[in-house]
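**Student:** Mind looking at a prediction? Sequence and model below.
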Protein chains: 2
Amino acid sequence: MTNAVEKFNTRVEIINSLLCVGLDSDIRLIPDRFLTSTTPQFDFNRWIIEQTQEFTSAYKPQIAFYEARGDAGLRELKLTMEYLTAVHPDILTICDAKRGDIGSTSEGYATAIFDWLGFDAVTLNPYLGREALDPFLKRQDKGCIILCRTSNPGAGEFQDLQVNEEALWEIIAWTVNDSWNTHENCMLVAGATYPEELRRIREIVGEMTLLVPGLGAQGGDVEATVRAGINTSSRGMILNSARGIIFSSDPSLAARDLRDSINQYRQLPDQ
Amino acid sequence: MTNAVEKFNTRVEIINSLLCVGLDSDIRLIPDRFLTSTTPQFDFNRWIIEQTQEFTSAYKPQIAFYEARGDAGLRELKLTMEYLTAVHPDILTICDAKRGDIGSTSEGYATAIFDWLGFDAVTLNPYLGREALDPFLKRQDKGCIILCRTSNPGAGEFQDLQVNEEALWEIIAWTVNDSWNTHENCMLVAGATYPEELRRIREIVGEMTLLVPGLGAQGGDVEATVRAGINTSSRGMILNSARGIIFSSDPSLAARDLRDSINQYRQLPDQ
């Protein structure tokens, strides 16, 4: 059984890219020419995928932008997943959903995201503890990407609180690394907008793969991010850009440029 | 403009009940006779609502149990909301979704939950901070119910971490009370399974309304819960029971009994 982390690493090796494209396909922002379709978000996503797939090791739809359109949006997210699974089965799929609830409810979300939609991985909120997230964590073939230090301006309000001389986000990094990762299917979210925190998270978790949002529109710097977060195999980062690629005038070029820019600062093995 | 808290309080006064019925309508658990319908979750919910509405001041569907069925489930949740809004517009509706994401994404969730589905209130996860939740908090007429001390067995793993001699959940209670509640539309989640923590939260937040899950199937004791959490108006608690009512052999009786049991320990004004 290949798990989500291995799937990502295999793809990274084959196409030499750490790039993840965020399919944050807000209906208010997608080009007019897609809006006449009965499935505008799916048609837009299919176009973005065809434009960017050769440079991309993961796709990460933000589920809120589909839920905002109700059942129609959710159906188009499923169409997107069916398309990806059929045409690009070797690219990792991440549902950015930041779920976290008591056990019986987490079971429902795991069914929705892993089974009905068919994602390889999901982002999760740690606030309710490991016991609550067990329905996700026990799925050995799936990736569980737990929020550690997020990319938003107000992230520090609680995440930076000091617990025994460490920040809460450091405690979460230690805990996930030391006791949640029994099935080696855990990853962490560490925002590109905070490279110092990213560097510290890399120290704590060794080789663990990190999902790093915040490049591009949110302001994360590529060089600082890659140098802070890369692991000893020159991998271990899923580097996400959404708006900066999907709403650029040339998504293919934007994806290629970002891949190249990332690789420029990535110390490749044997170099 | 009536906000969500006022809507709840008005209903409490009219029917003398603090009861919230959790519409956690897991398709695997609803009675067989509903399964032949094309809208089994909606039909079940409509029946539960008719059985329980006279004793109920709030309904709280857990959205995961609808998302587990994909777009069909989401459509049935919307049908449930349309029904409630049309037939029982004076009963508070809470979407138990525990959302929390960066600002542009929270906007998408707010649209989904407040506008497309039409809920009065939503449960939110505080981990990303106030800035991230602003798209919810700024909706003055809507209720923002923030996780403080949850009802699950593993809740303490991070929530109990000590920050300057207070638990993280105490810091969250202070913060929401002191600085997030500008529009007086904030509430907190405090599990019935931890009455000591509930009592402390009541001390911190004064008269603020608390959503208290965990009665019934999860093991919360009614007397301990009500005595610990009631405010000086003998209100201030949305007391939720889900499985213990909706999957009982007689939901109407179960709802009436729980309402009565709650009122027995509720010191009414002028008593």
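**Tutor:** Yep, it's here.

**Student:** okay, CA-based contacts and neighbour counts for the rest of this
**Tutor:** OK.

**Student:** What does the pLDDT read for A:Leu268?
**Tutor:** Model confidence at A:Leu268, given as pLDDT, is 59.

**Student:** So which bits of the stretch 101-250 of chain A are right by chain B?
**Tutor:** The stretch 101-250 of chain A comes close to chain B at residues A:101-103, A:105-106, A:108-113, A:116-117, A:125-132, A:150-159, A:161-164, as judged by Cα under 8 Å from any Cα of the partner chain.

**Student:** Swap in 7 Å and give it another go.
**Tutor:** Residues of the stretch 101-250 of chain A lying near chain B by Cα under 7 Å from any Cα of the partner chain: A:102, A:105, A:108-109, A:111-112, A:116, A:127-132, A:150, A:152, A:154-155, A:157-159, A:161-163.

**Student:** List the buried residues of stretch A:1-9.
**Tutor:** A:3-9 (16 or more other Cα atoms under 10 Å in any protein chain shown).

**Student:** biggest helix in chain A, by residue count?
**Tutor:** helix A:70-87 (DSSP state H).

**Student:** Which helix or strand lies directly C-terminal to that helix?
**Tutor:** Using DSSP states H and E, the next helix or strand after helix A:70-87 towards the C-terminus is strand A:92-99.

**Student:** by contact count, what packs against that next one?
**Tutor:** helix A:4-15, strand A:58-59, strand A:121-124 (3 or more Cα pairs under 7 Å, 6 or more residues apart in numbering or on different chains; DSSP states H and E).

**Student:** mind redoing it with 10 Å?
**Tutor:** Applying 3 or more Cα pairs under 10 Å, 6 or more residues apart in numbering or on different chains; DSSP states H and E, we find strand A:92-99 packed against helix A:4-15, strand A:19-21, strand A:58-59, helix A:70-87, helix A:103-110, strand A:121-124, strand A:143-149, strand B:92-99.

**Student:** What angle do helix B:103-110 and it make with each other?
**Tutor:** Strand A:92-99 and helix B:103-110 are oriented at 70 degrees to each other (axes from the mean of the first three to the mean of the last three Cα atoms, to 10 degrees).

**Student:** angle of strand A:92-99 against helix A:4-15?
**Tutor:** In terms of direction (the same axes, to 10 degrees), strand A:92-99 departs from helix A:4-15 by 140 degrees.

**Student:** Please point out which parts of strand A:92-99 sit buried.
**Tutor:** For strand A:92-99, a neighbour-count test (16+ other Cα under 10 Å) marks A:92-99 as buried.

**Student:** Give me the distance between it and the centre of its chain.
**Tutor:** In terms of Cα atoms, centre = their mean, to the nearest Å, the centre of strand A:92-99 is set 6 Å apart from its chain centre.

**Student:** Return the residues in contact with A:Val5.
**Tutor:** A:Val5 sits next to A:92, A:120-121, A:141-144, A:184-187, A:208-209, A:236 when contact means Cα atoms under 10 Å, 6 or more residues apart in numbering or on different chains.

**Student:** how many neighbours does A:Ser233 have?
**Tutor:** Neighbour count for A:Ser233, taken as other Cα atoms under 10 Å in any protein chain shown: 11.

**Student:** which SS class is it?
**Tutor:** coil (DSSP: H, G, I helix; E, B strand; the rest coil).

**Student:** Test my guess that it contacts A:Val12.
**Tutor:** No: the criterion here is Cα atoms under 10 Å, and A:Ser233 misses it with A:Val12 at 11.2 Å.

**Student:** For the buried residues of stretch A:1-9, could you give me a markdown table that also reports pLDDT?
**Tutor:** Listed next are the buried residues of stretch A:1-9 as a markdown table, based on pLDDT from 0 to 100:
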| residue | pLDDT |
| --- | --- |
| A:Asn3 | 94 |
| A:Ala4 | 97 |
| A:Val5 | 96 |
| A:Glu6 | 97 |
| A:Lys7 | 98 |
| A:Phe8 | 98 |
| A:Asn9 | 97 |
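
**Student:** and which of the residues you listed is nearest A:Ser249?
**Tutor:** A:Phe8 (27.6 Å; Cα to Cα).

**Student:** May I have the residues that are in contact with the residue nearest to the closest one when sequence neighbours are not counted?
**Tutor:** What sits nearest to A:Phe8 in space, not counting adjacent residues and going by Cα to Cα, 6 or more residues apart in numbering or on different chains, is A:Leu92, at 5.6 Å. Shown in contact with A:Leu92 (Cα under 10 Å, 6+ apart): A:4-11, A:20, A:56-60, A:84-85, A:119-121, A:143, A:238.

**Student:** Now do the strands in the stretch 101-250 of chain A.
**Tutor:** A:121-124, A:143-149, A:162-163, A:166-167, A:186-190, A:210-212, A:237-241 (DSSP state E, counting those that start in this stretch).

**Student:** okay, those strands in CSV with mean pLDDT next?
**Tutor:** CSV is the format used below for the strands of the stretch 101-250 of chain A (pLDDT from 0 to 100):
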stretch, mean pLDDT
strand A:121-124, 98
strand A:143-149, 98
strand A:162-163, 96
strand A:166-167, 98
strand A:186-190, 98
strand A:210-212, 98
strand A:237-241, 97
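
**Student:** And those: which comes nearest B:Ile201?
**Tutor:** strand A:162-163 (20.5 Å).

**Student:** picking up where we left off before, hmm, which two among the contacts of A:Val5 are most spread apart?
**Tutor:** With Cα to Cα as the measure, no two of those lie farther apart than A:Asp141 and A:Gly236, at 17.7 Å.

**Student:** Name the residue in these two with the higher neighbour count.
**Tutor:** A:Gly236 (23 against 19).

**Student:** Just list the residues touching that one, thanks.
**Tutor:** Residues in contact with A:Gly236 (Cα under 10 Å, 6+ apart) are A:5, A:8-9, A:12, A:18, A:187, A:202, A:206-211, A:229-230.

**Student:** which residue sits closest to it, ignoring its sequence neighbours?
**Tutor:** Using Cα to Cα, 6+ apart, the nearest residue to A:Gly236 is A:Thr209, at 4.0 Å.

**Student:** ok now do that neighbour, which residues does it touch?
**Tutor:** Contacts of A:Thr209 by Cα under 10 Å, 6+ apart are A:5, A:8-9, A:145, A:185-189, A:202, A:229-231, A:235-238.
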